[in-house]
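Asker: Following is a predicted model, sequence given first.
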Amino acid sequence: MKRLKRFALLGLLLLLVCLSGFSMANGKHPAGEQPVNRVIRIGVLRVPNDVTTARQTGLLKKTFEKRGYRAQFVTFDSGVDANKALMSNSIDVATMGDTNAVVAMAAHLPAKLVWVNDVIGSNEQLVVQKSSGIHHWQDLKGKKIATPFASTSHYSLMMLLKKHHLLGKVDLVDMQTEEIVAAWHRGDIDGAYTWEPSLSNLNQRVKLADSQNLARQGRLTANVTLASNRFIKHHPQVLRAFVNCLARIHDDYRHDPQMVYRSTAANLKLSPQATKKQIGTARWVPSRQMAAFTDTTFTKQFYAACQFMCDQQTLNSTPSYADCCRFVTSEFMPREGLS
């Protein structure tokens with residue numbers, strides 16, 4: 001009888017061990033443990049921005065791990081590639097230029113714009129070869145100007161050409177940034193509208209305009225963050241925490257810009273001077289102002305870009321202002337700043 005009791009007790013212990021193992025395998029850990037078993041897939045560009053800073057400082061890692069998540073970063077060369085990944089559900093969140101966000105909205109991608117990373121400034125410019133003989137806007141007639149099509153630079157260039165009655169009178173060439181640098185040094189192009197760091201690699205250049213001046217004239221461009229509708233629906237609190245991380249970096253940048261330059265430099269393997277130059281005069285809207293800025297100024301400018309791109313027949317639908325208001329949301333942004 002004692003032997004039977006011992007076998008029964010042993011069997012009970014084995015059963016408890018098996019159940020415990022099954023529970024662990026299904027993500028149910030003992031009280032106090034926070035398993036990191038869920039992944040947030042974040043599409044990024046190799047640029048010094050708020051996401052790069054939050055990643056390098058460990059703020060994102062700490063924030064996600066606290067909630068049982070970890071971040072997986074996927075690097076893209078352009079917002080075009082990021083949109084493809086959002087469409088195929090390969091990523092949950094992505095940064096891109098706002099013109100790519102317009103394309104995403106017009107193509108009915110299942111996503112929303114949830115954050116404005118920065119308003120582009122002097123880090124995007126229209127420059128021409130010093131030897132090109134271009135001194136005035138009308139000198140651009142018949143000249144070959146390169147820019148990455150569907151980018152913020154392309155939109156800014158088109159707005160300038162429209163303003164100076166040069167639409168259809170300039171030979172526009174679609175090139176990626178590294179192609180622009182190579183073509184510039186070969187002398188294949190007369191000018192380019194591009195951004196840092198390729199901009200600094202264009203020697204013997206003369207600046208005609210930059211995106212900061214356009215923003216002052218009411219034609220701003222920006223880098224933005226999109227989140228998939230699936231992620232918004234299933235992980236709203238995690239998305240809010242992610243956005244709060246970026247908001248905190250914006251506030252830190254105002255008080256300690258050197259921290260941002262150092263952090264982004266370490267992540268991108270550059271010098272702080274290089275990342276400072278790449279950020280240029282880009283505006284990082286303070287956290288307490290972001291929601292109001294997004295709901296008013298930015299959404300209106302987003303719609304203006306949408307209208308212009310529709311006029312140029314670069315979109316496959318004609319979104320309304322109401323469509324823009326639904327696509328651009330301040331729901332996850334802090335309303336009163338961060339303590």
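Answerer: Cool, the structure landed. Numbering: from 1, shown residues only.
Asker: Tell me where the model's unsure across the stretch 201-339 of the chain.
Answerer: Per-residue confidence for the stretch 201-339 of the chain (pLDDT under 70) gives these ranges: 337-339.
Asker: residue closest to the middle of this structure?
Answerer: With distances taken as C-alpha atoms, centre = their mean, T95 lies nearest the centre of the chain, 2.0 Å away.
Asker: If it is in a bridge, with which residues?
Answerer: Assessed by DSSP bridges, T95 has beta-bridge partners T225.
Asker: What is whichever strand or helix holds V103 packed up against?
Answerer: V103 is located in helix 98-106, with elements delineated by DSSP states H and E. Helix 98-106 sits against helix 79-87, strand 111-119, helix 152-163, strand 222-228, helix 299-311, helix 321-327, with contacts defined as 3 or more C-beta pairs under 8 Å, 6 or more residues apart in numbering; DSSP states H and E. For every residue, glycine as well, the C-beta is placed using N, CA and C.
Asker: now do 10 Å
Answerer: Counting contacts by 3 or more C-beta pairs under 10 Å, 6 or more residues apart in numbering; DSSP states H and E, helix 98-106 packs against helix 79-87, strand 93-97, strand 111-119, helix 152-163, strand 222-228, helix 299-311, helix 321-327.
Asker: Tell me who's in contact with W137.
Answerer: 160-161, 163-166, 208-209 (C-beta atoms under 10 Å, 6 or more residues apart in numbering).
Asker: Then Q273?
Answerer: Counting by C-beta under 10 Å, 6+ apart, Q273 touches 261, 265.
Asker: one more time with 8 Å, if that's ok
Answerer: Y261 (C-beta atoms under 8 Å, 6 or more residues apart in numbering).
Asker: what's the spacing between it and L214?
Answerer: Relative to L214, Q273 is positioned 26 Å away (C-beta to C-beta, to the nearest Å).
Asker: Check the offset of stretch 150-167 from the chain's centre.
Answerer: Counting by C-alpha atoms, centre = their mean, to the nearest Å, stretch 150-167 is centred 22 Å from the centre of its parent chain.
Asker: Which positions within that stretch qualify as buried?
Answerer: 150-161, 164, 166 (16 or more other C-beta atoms under 10 Å).
Asker: Could you do stretch 221-231 as well?
Answerer: Those buried within stretch 221-231 under the rule 16+ other C-beta under 10 Å are 221-228, 231.
Asker: Take the residues you listed and write them to CSV, including distance to V328.
Answerer: Formatted as CSV, the buried residues of stretch 221-231 follow (distance: C-beta to C-beta, whole Å):
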residue, distance to V328
T221, 14
A222, 11
N223, 14
V224, 9
T225, 11
L226, 10
A227, 12
S228, 15
F231, 17
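Asker: Residues in contact with stretch 49-65: which ones?
Answerer: Under C-beta under 8 Å, 6+ apart, the answer for stretch 49-65 is 34, 36, 40, 42, 44, 70-71, 73, 95, 117-118, 223, 225, 238, 241-242, 244-246, 248-250, 252-253, 259-260, 263-264, 266-268, 279, 284.
Asker: What subset of the residues you listed is buried?
Answerer: Buried positions within the contacts of stretch 49-65, assessed by neighbour count (16+ other C-beta under 10 Å), are 40, 42, 44, 71, 95, 117-118, 223, 225, 238, 241-242, 244-246, 248-250, 252-253, 260, 263-264, 267-268, 279, 284.
Asker: that older thread, so which of the contacts of stretch 49-65 are in strands?
Answerer: Judged by DSSP state E, strands contain the following of the contacts of stretch 49-65: 40, 42, 44, 70-71, 73, 95, 117-118, 223, 225.
Asker: now for the residues you listed, which pair is the farthest apart?
Answerer: R70 and D118 (25.9 Å; C-beta to C-beta).
Asker: for the closest residue to K162 other than its chain neighbours, what are its contacts?
Answerer: Residue nearest to K162 in three dimensions, not counting chain neighbours: F308, with 7.9 Å by C-beta to C-beta, 6 or more residues apart in numbering. Contacts were defined as C-beta under 8 Å, 6+ apart; by that measure F308 touches 155, 158-159, 162.
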